[in-house]
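Undergrad: A predicted structure for the sequence below; I have some questions about it.
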Amino acid sequence: MASISLRNASLDYPLYGAYDHSLKRRLLGHLIREQSGMRIIRAVDNITIEAEAGARIGLAGPNGSGKSTLLRLIAGVYPPSCGSVAIKGNIVPLLGLNAGVNLDFVAEDNIALLLRISGRKPTRAIIDEIWAFTELEERMQRLPLRMFSSGMLMRVLFATATAFPADILLLDEWLSVVDENFSAKAQARLIKLVSQAAIVIIASHDQPLLRRTCSTIINLDHGRVASTVAVEPPATHPFELREKRA
Ligand SMILES: Nc1ncnc2c1ncn2[C@@H]1O[C@H](COP(=O)(O)OP(=O)(O)OP(=O)(O)O)[C@@H](O)[C@H]1O
């Protein structure tokens, strides 16, 4: 059974070199939690979340409030600086599509690599199925991704990231997927993935979207939970995810 348990989890980003070394700065260092010359940003601050199967959680909050970092913490991209994060179930993190990609490798090798990273065996049949979804010419499978347009690259990465169902689906707002035709197709694939996932967490600035799709909205502010709002159960399939990054 899928579950997420964050207990008093925090995440500090160390900011190497983002400061000066003057005496004044050193004297002021302790005021900004600077340790041995390292400045730290606490992007997620003491957050506790318990989610079981069926949870649909929206993360809201102003720019820099910690939504993306919290998703990365749950995805295991970063370990917590303190507190604990325990996850049961396989996670599909749709956070930044470029993660894990090597532009110098040909497309099919990248697909194989991404599948392996997510614990899947990249068989010929699976790669072909992913490629069919992209609607790109077959010969392009053997070209380095460096030669792809950004829209083509997006198609390949989206098709790969969404090829398998997830127990836990994490969505950072990023869907401005290429041209109109593909967008409709991408949206349909995403809706399917969302409906199959046991737990879905969506970070977005789009309150109507969060209200349509989530049962709980967590409002973040400066990395902390400012409020948690229960939302009426969404109507059947009001899912509309085409949005631009803020
Ligand atoms: N790689 C990084 N290194 C250092 N600081 C970072 C890094 N990524 C984010 N931050 C900082 O962490 C804080 C939280 O950022 P985060 O991207 O999680 O916020 P967000 O709520 O997703 O913002 P937005 O709505 O603008 O996408 C911000 O202060 C940001 O400057």
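TA: Thanks, I have it. Note that the structure is predicted; figures quoted are calculated from it, not measured. Numbering: from 1, shown residues only.
Undergrad: Leaving out the residues flanking it, which one is nearest to the residue positioned nearest the centre of the chain?
TA: The geometric centre of the chain, computed from its C-alpha atoms, lies nearest to Leu95 (C-alpha atoms, centre = their mean), at 2.4 Å. What sits nearest to Leu95 in space, not counting adjacent residues and going by C-beta to C-beta, 6 or more residues apart in numbering, is Asp172, at 4.7 Å. In this view, the C-beta of every residue, glycine as well, is placed from N, C-alpha and C.
Undergrad: How about the residues of the protein by the ligand?
TA: By C-beta under 6 Å from any ligand atom, the residues of the chain that approach the ligand are 13, 15, 41, 43, 61, 63-69, 246.
Undergrad: switch the cut-off to 5 Å
TA: When proximity is defined by C-beta under 5 Å from any ligand atom, the chain lies next to the ligand at Tyr13, Ile41, Ala43, Asn63, Gly64, Ser65, Gly66, Lys67, Ser68, Thr69.
Undergrad: Pull out the buried residues from the residues you listed.
TA: With burial judged by 16 or more other C-beta atoms under 10 Å, the buried subset of the residues of the chain next to the ligand is Ile41, Ala43, Ser65, Gly66, Lys67, Ser68, Thr69.
Undergrad: In those residues, find the pair that's most separated.
TA: Distances among these were taken as C-beta to C-beta; the most separated pair is Ile41 and Lys67, at 14.5 Å.
Undergrad: sorry, back to before: output the residues of the chain next to the ligand in JSON lines; the columns should cover pLDDT.
TA: Formatted as JSON lines, the entries for the residues of the chain next to the ligand read as follows, by pLDDT from 0 to 100:
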{"residue": "Tyr13", "pLDDT": "93"}
{"residue": "Ile41", "pLDDT": "92"}
{"residue": "Ala43", "pLDDT": "96"}
{"residue": "Asn63", "pLDDT": "95"}
{"residue": "Gly64", "pLDDT": "95"}
{"residue": "Ser65", "pLDDT": "97"}
{"residue": "Gly66", "pLDDT": "96"}
{"residue": "Lys67", "pLDDT": "95"}
{"residue": "Ser68", "pLDDT": "92"}
{"residue": "Thr69", "pLDDT": "95"}
